[in-house]
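In: give me a model of this one.
(chains A, B and C)
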Amino acid sequence: MVDLTQSRSALERVYTPGRFGVSSGQPGVMISERRHLTLIHIEHRDDDAESPLMIATAVGFPLPRAGQIAEKDGRRVLWLGPSRSLIITSGSSADGLSDAIASSATNAAVNDISSSRIVLRLSGPNARDVLASGCPLDLHESVFKAGMTATTNVDHYTALLDCIDTNTIDVYVARGYGVSFWQWLIEAAEEFGGKVLASS
Amino acid sequence: MLLIECPWCGKRAQTEFTYEGDATVKRPEDGDQAAFHAYVHLRENVTQWHDEMWQHTAGCRRFFKACRNVTTHEIIATAKPKGDLPDMSSGKITS
Amino acid sequence: MSTQPYRTQKGGLVDRTQPINFTFDGNTYQGFQGDTLASALMANGVRLFGRSFKYHRPRGILGVGFEEPNAMVQLRTGNRTEPNIQATRIELFEGLVAESQNRWPSLNFDVGALTGIFSKLLPAGFYYKTFMWPASMWMTYEHIIRNIAGMGKSPTTNDPDRYAHRYAHCDVLVAGGGPAGISAALVAAETGARVVIMDDGPKLGGALLGCNLKVGDQEGTTWAQAAEQKLRGMDNVTVLTRTQTAGYYDHNMIIANERVADHVNEPAPFIPRQRIWHFRATEVVLAAGAMERPLVFAGNDLPNVMLASAAGTLANRYNVQAGRRAVVFTNNGSAYTVAADLKAADIDVSAIIDARTDIPSTELDIAKAAGIDVLLGQVVLAAVGGKHGVKRVVVGDTPSGPDVTEGQITRTIECDLLCVSGGWTPSVHLFSQSRGKLRFDDEKCCFVPNKGFQRERSAGACNGSFMLRECLADGRNAGSNAAEAAGFKSSSKELAIASEEPDVHPMPLWALPWPEGNHDKRFVDLQNDVTAEDVALAHREGFRSVEHLKRYTTLGMGTDQGRTSNVNGLALMAGHKGEDIPSVGTTTFRQPFSPITMGAVAGPSINEQMSPIRRTAMHDWHEAAGAPFVPAGAWLRPQAYPKPGENLRDAYLREAVHVRKHVGIVDVSTLGKIDVQGKDAAEFLNRLYVNGFAKLDIGKCRYGVMLREDGIVYDDGTVTRLAENRYMVTTTTGHAGPVMVHMERHAQVVWPELDVKLVSVTEDWSAIAIAGPKSRAVLAKVTDDIDVSDATCPFMAFREGHICGVPARLFRISFSGELAYEINVPANFGATVWEGLMKAGADDHIVPYGTEAMGILRIEKGHVVGGELNGRATADDLGFGRMLSAKKRFIGDVLKDRPALLEANRKQLVGIKPVDGTSQIPRGAQIVVNPTGARPVPIEGEVTSRCESPNVGMPIGLALIKDGRNRMGEKLIASSPVAGIDVKIKICDPVFVDPKGERLRG
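Out: Numbers count the residues shown, from 1 in each chain, chains lettered A, B, ... in the order given. From the prediction side, this is the model:
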């Protein structure tokens, strides 16, 4: 009855590709929603040395160290906290992964939370400035570098940041706050000139 | 706004944290009413160094302890729940 | 159009090729690019800027920057208007409109000035003494006083501009862009450290821009400009001009206010007008400069009695002659340079009147070279003039001591400008905000930083190093020291050589005696009209501590917080007390340094962003269906779905009936959902809830109640066993966050030995309750892999499968008391499944229902929510007594048995009905026996929930009533003094509909 690849975005009503804000020159920030991602939340006990190995076997590589990201073959693992990770994947890399982890790392808690967040990719020379309008973390490119991740505040919102490269950061925000956060983000980006790209 | 060092995530802005009460009290698992009354209600009203419980709410969500001067807001150390904080009862580190 | 008669023709920092037109009090003037409003008005010969706060005395400018107490204006018009802005800090822009304040009907003819005639009747503490009796009249008095004494006016319509915030981090933050700050920033920047330098002015340079000194072989202004260019060109440096360092907070947090677009008529589209910066600095260099102090003598508030540094800056930087014929009155050396600068600007300087008798020859040489007479051992006893300025000064001998009250007149000098210098006050505000301790420097006659508290150091004038060469050296040392403390290696650089200038060497001189026959006011605080007599009065009446002095006289209050008045006031009080100045102390310096508009403080956190909204996956559907929303925490929930012609009440009554007759769906996504996993998950839940979960079968749900540790009911919800070691629990919408924290605390801190992992999955699942006799029929149409028959899916069963083709969790639970199910699907498919159910249920007349109908249905069933879970009720009070397990320990089990919680007369949950069967039960009413009886009326209980019940056929309610379960059938009064309604009610069972639960098991 339902095409399961056709999930609905929390931003359905507000997402409009195109330029916004200051219109002269190149846009300072580009925003695109990353959709159809599989998000798998894994947690194990701090004293459980076995589960990380089992998870690594199922995922294909070891879990990242604190504040870091590990990635291979379309699977990106973000450190969320001690003994907690979030796997970001999609398409065939995602198929059966959640079940595979759960069945091999039986002492770990595995939850598919693919619907729980909106994921926005911010890129461009002012991407960090836009986030710094609300984020108390040191986002300077010499400090928050590619391959680093942090859960922090962006304005009133709790956000997970995933540094892709110098000019690109993915932002994860609770789905329920999606529209409110979007409105904040657009307003914060307007002074730099922005462009909403087609979602992916 | 304070800068608080989460034992797992490092130094972060206070807005990411929630104060979660006195870290010196311990739940009296098999205690009587008097013991639980003390656990729930009785607190020292210190003016200097205080061992506090904080949670990194907008971060890793872990609870941890912080030794904070409630007058000056200095934080001399933070520790995991099972870890130790310095003894500041004399106003200086004694242990 | 004015010809700017007081503008000089050469030098300075104004651009004569760029004229700017502006309006002050309705008159049009012209100034130049680079002017402030104050300098442009001075160039046009305007001397009267406003009327004083209390006595409505005519006032001009005293200073040229932050220190200005008088010249505050109403800037701009309409929705952009802003009151109390210092004219000395407003950059001139084309089309600027400003008005003077505190005058009516006009600045030249001010009715309020009459208060000056009666001013003897208005001493310090006047309001406290006069308007306190009768106390009831204060509100009336206050209204009138505010009108007379009011300053500017707030805008009455919304501010059209936007304000932004920005967080930033740096290794070295330099607060202040004068010579000390620039030196510090240059040195620190060379080390590779991330450096931020901020200054309130439009360009770096600070006081250097207002004097005629050299750095090396460059003009000071040229040096500052080159330094700014260099710093701006460095990747590791951020230069913020037009930025006030407003506050120094804990852990080296610095708040600054950048006026991004205040220097233009209106901001360009999308550009914020102002920005608040939140800096976290590893090391801080304070280079905030110093402010010159006025001297206290009769008539010292006349227009054109101004600080020497102000007259000098007008001449040097703005090319404005503050007057044609000047007298300089000083107690220190710094005014000599200014006198020479004035002379160089073609102002006739009649004399330097110096209170000191013995001064260094360097100072005399400056005067001699400029051809200015110096009168040593002389003081100004009074300035005499009118609203357009000083006309002459009355001079006498330097008084022999503070007790001299009347001075002998030695001469009178005609002039139209009196420049005063009473020494310098370092700007220690930021240092003090950071908990730094001050000390009084007797030689320099001022408070200077003593012991710092955070990772900061002061440099230059704010550290008591007033001379340029000291500033440069101090700045360099501070910059290098800060960079090294932040972990960078600093290589010592050649020190720039600065022009020689006289050292300050002030002589303590706090208030001058009156000349014979002139007892005009001697102002200490110009902004608040506090005189030397007021300080004496405060002392006589016992208000002697600095904090009392401040509150009794208002000395040091207002927008300038006593920048030019504090030290003089403290010194006078010290004199009265016979103590030295440090033992009198200072008042507390608080953030912000200078006022910041509220818009900037709020930043983007206005309207919806003030408190972000949380929306369920079905939100857009609800909105399209015309549902009004009600907030539930951050969530918005649909209240009801009115059809055309229906009002809200019609709609929810219809929905409540419809669900019991047919079928309805309601969005319950806002309930908290927590995934609990681990070998000890069952044990963990056993300890959290009053009832047990270890024996709950896989695939079953159970209602659970949890207590707080003090034995009071905390929250309720359902617990479902998904697998041997996996449960999902729900919480109330309001407690979702706190319950999660409660569980995390116990898992991490209290019982870390338990193997339990917790994840909030509220956001991941959309939840839809489908309720009503037809709910099973509808459900059967949308699933082909879940057998929804009562036999395989009985009450309190849990099943997994697909609903509308979407992987789903199905819980057979009921809040409404009807045959009902709760469907959980991934939120990305929530709207799809909702629509699918509406479509599939069309033949069974399915309707959506909102929170109002849901509330009615649950009250009809006696289910508790927030009104009943009020933080005071025990499990037994709410009828959960039998759920309390005696076979296990759980949170709250000990303290629930405290004697007061077991009393027989406790308030218990009951139902109530109006005796007449029709009267509405008032919301929040108290239950009493006789509402008109003797006060205080004994309270029997309170109404916790109430509604009109279309299914019962009358208004009903839930109440907590003393010993209520033993009072069935008793008649009492539900009394709401707020609504003025008393309704006779009868106590009944809290379950109004289907007490045996046959419908929900159907």
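
In: so C:Val327, which state does it fall into?
Out: At C:Val327, secondary structure determined by DSSP: H, G, I helix; E, B strand; the rest coil is strand.

In: so it makes contact with C:Val379?
Out: No. C:Val327 is beyond contact range of C:Val379, at 11.6 Å (criterion: Cβ atoms under 8 Å). (Each C-beta comes from the backbone N, C-alpha and C, glycine too.)

In: direction included, what does the longest strand anywhere in chain A pair up with?
Out: Longest strand of chain A, by residue count under DSSP state E: strand A:157-165. When pairing is defined by DSSP bridges, strand A:157-165 lines up against strand A:149-154 (antiparallel), strand A:168-174 (antiparallel).

In: what would those strands look like in JSON lines with mean pLDDT and mean neighbour count?
Out: Below are those laid out as JSON lines (pLDDT from 0 to 100; neighbours: other Cβ atoms under 10 Å in any protein chain shown):
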{"stretch": "strand A:149-154", "mean pLDDT": "98", "mean neighbour count": "24"}
{"stretch": "strand A:168-174", "mean pLDDT": "98", "mean neighbour count": "23"}
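
In: closest to B:Ala79 out of those?
Out: strand A:149-154 (20.8 Å; Cβ to Cβ).

In: on that earlier part again, okay, and the common contacts of C:Val327 and C:Val379?
Out: Shared contacts of C:Val327 and C:Val379 (Cβ atoms under 8 Å, 6 or more residues apart in numbering or on different chains): C:Ile353.

In: pick out the residue in the stretch 51-200 of chain C sitting closest to chain B.
Out: Residue nearest to chain B within the stretch 51-200 of chain C: C:Tyr167 (8.0 Å; Cβ to the nearest Cβ).

In: that residue: what's it in contact with?
Out: By Cβ under 8 Å, 6+ apart, the contact set of C:Tyr167 is A:132-137, A:139, B:13, C:277-280.

In: how does it look with 6 Å?
Out: By Cβ atoms under 6 Å, 6 or more residues apart in numbering or on different chains, the contact set of C:Tyr167 is A:132, A:135-136, C:278.

In: repeat that for A:Ser98.
Out: Residues near A:Ser98 by Cβ under 6 Å, 6+ apart: A:40, A:110, A:112.

In: contacting residues around residue 46?
Out: This is for chain A. Counting by Cβ under 6 Å, 6+ apart, A:Asp46 touches A:82-83.

In: now do the one 5 residues further on
Out: By Cβ under 6 Å, 6+ apart, A:Ser51 lies in contact with A:44, A:105, A:107-108.

In: thinking again about what came up before, a markdown table for the contacts of A:Ser98, including neighbour count and pLDDT?
Out: Output for the contacts of A:Ser98, formatted as a markdown table (neighbours: other Cβ atoms under 10 Å in any protein chain shown; pLDDT from 0 to 100):
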| residue | neighbour count | pLDDT |
| --- | --- | --- |
| A:Ile40 | 23 | 97 |
| A:Val110 | 27 | 97 |
| A:Asp112 | 20 | 96 |
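
In: can you flag which of the residues you listed belong to strands?
Out: Counting by DSSP E, those place A:40, A:110, A:112 in strands.

In: what's the neighbour count on whatever residue of the stretch 301-450 of chain C ends up closest to chain B?
Out: Residue nearest to chain B within the stretch 301-450 of chain C (Cβ to the nearest Cβ): C:Arg435, separated by 6.7 Å. C:Arg435 has 16 neighbours, counted by other Cβ atoms under 10 Å in any protein chain shown.

In: name all residues that make contact with it.
Out: C:Arg435 touches C:Phe453, counting by Cβ under 6 Å, 6+ apart.

In: now swap in B:Met1 and tell me
Out: B:Met1 makes contacts with B:13-14, C:253, as judged by Cβ under 6 Å, 6+ apart.

In: and those near chain A, which?
Out: The subset of these lying close to chain A, counting by Cβ under 6 Å from any Cβ of the partner chain, consists of B:Ala13.

In: buried ones in stretch C:863-871, by neighbour count?
Out: Neighbour counts over stretch C:863-871 (16 or more other Cβ atoms under 10 Å in any protein chain shown) mark C:863-865, C:867-870 as buried.

In: out of those residues, flag the one nearest to chain A.
Out: Each of these was checked against chain A using Cβ to the nearest Cβ; the closest is C:Val865, at 20.6 Å.

In: C:Asp35 versus C:His26, what's the distance?
Out: Actually, residue C:26 is Gly. It isn't His. 19 Å (Cβ to Cβ, to the nearest Å).

In: neighbour count for the two, which is higher?
Out: Taking other Cβ under 10 Å, C:Gly26 and C:Asp35 do not tie; C:Asp35 has more neighbours (30 against 8).

In: so what does C:Asn477 have for phi and psi?
Out: Dihedral pair for C:Asn477: phi -60, psi -40, per degrees, to the nearest 10.

In: wasn't the residue of the stretch 301-450 of chain C closest to chain B part of a helix?
Out: No. Read with three-state DSSP, C:Arg435 is coil and lies in no helix.

In: that older thread, and the ones in strands among the contacts of A:Ser98 as JSON lines, adding distance to A:Ile118?
Out: Below are those laid out as JSON lines (distance: Cβ to Cβ, whole Å):
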{"residue": "A:Ile40", "distance to A:Ile118": "17"}
{"residue": "A:Val110", "distance to A:Ile118": "22"}
{"residue": "A:Asp112", "distance to A:Ile118": "16"}
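
In: what would those residues look like in CSV with distance to chain C?
Out: Shown next, in CSV, are the ones in strands among the contacts of A:Ser98 (distance: Cβ to the nearest Cβ, whole Å):
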residue, distance to chain C
A:Ile40, 11
A:Val110, 8
A:Asp112, 8
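
In: from these, which are also near chain B?
Out: Counting by Cβ under 6 Å from any Cβ, no member of those is near chain B.

In: residue nearest the centroid of chain C?
Out: What sits nearest the mean C-alpha location of chain C, by Cα atoms, centre = their mean, is C:Val601, with 5.7 Å.

In: name the nearest residue to the most centrally placed residue in chain A, sequence neighbours excluded.
Out: Residue closest to the average C-alpha location in chain A (Cα atoms, centre = their mean): A:Tyr172, at 4.2 Å. Leaving out its chain neighbours, the residue that sits closest to A:Tyr172 by Cβ to Cβ, 6 or more residues apart in numbering or on different chains is A:Leu160, at 3.8 Å.

In: what does chain A have sitting close to chain B?
Out: A:81-82, A:136, A:151, A:153, A:158.

In: kindly indicate which of the residues you listed lies nearest C:Gln218.
Out: The shortest approach to C:Gln218 among the residues of chain A next to chain B belongs to A:Pro136, at 40.6 Å (Cβ to Cβ).

In: dump the residue contacts of the closest one.
Out: Neighbours of A:Pro136 in contact, by Cβ under 6 Å, 6+ apart: B:13, C:167.

In: for it, give me the pLDDT.
Out: In this model, A:Pro136 is scored at 97, pLDDT.

In: now do C:Thr337
Out: pLDDT, C:Thr337: 95.

In: is it correct that C:Ser594 falls within a strand?
Out: No. Applying three-state DSSP, one finds C:Ser594 to be coil, outside a strand.
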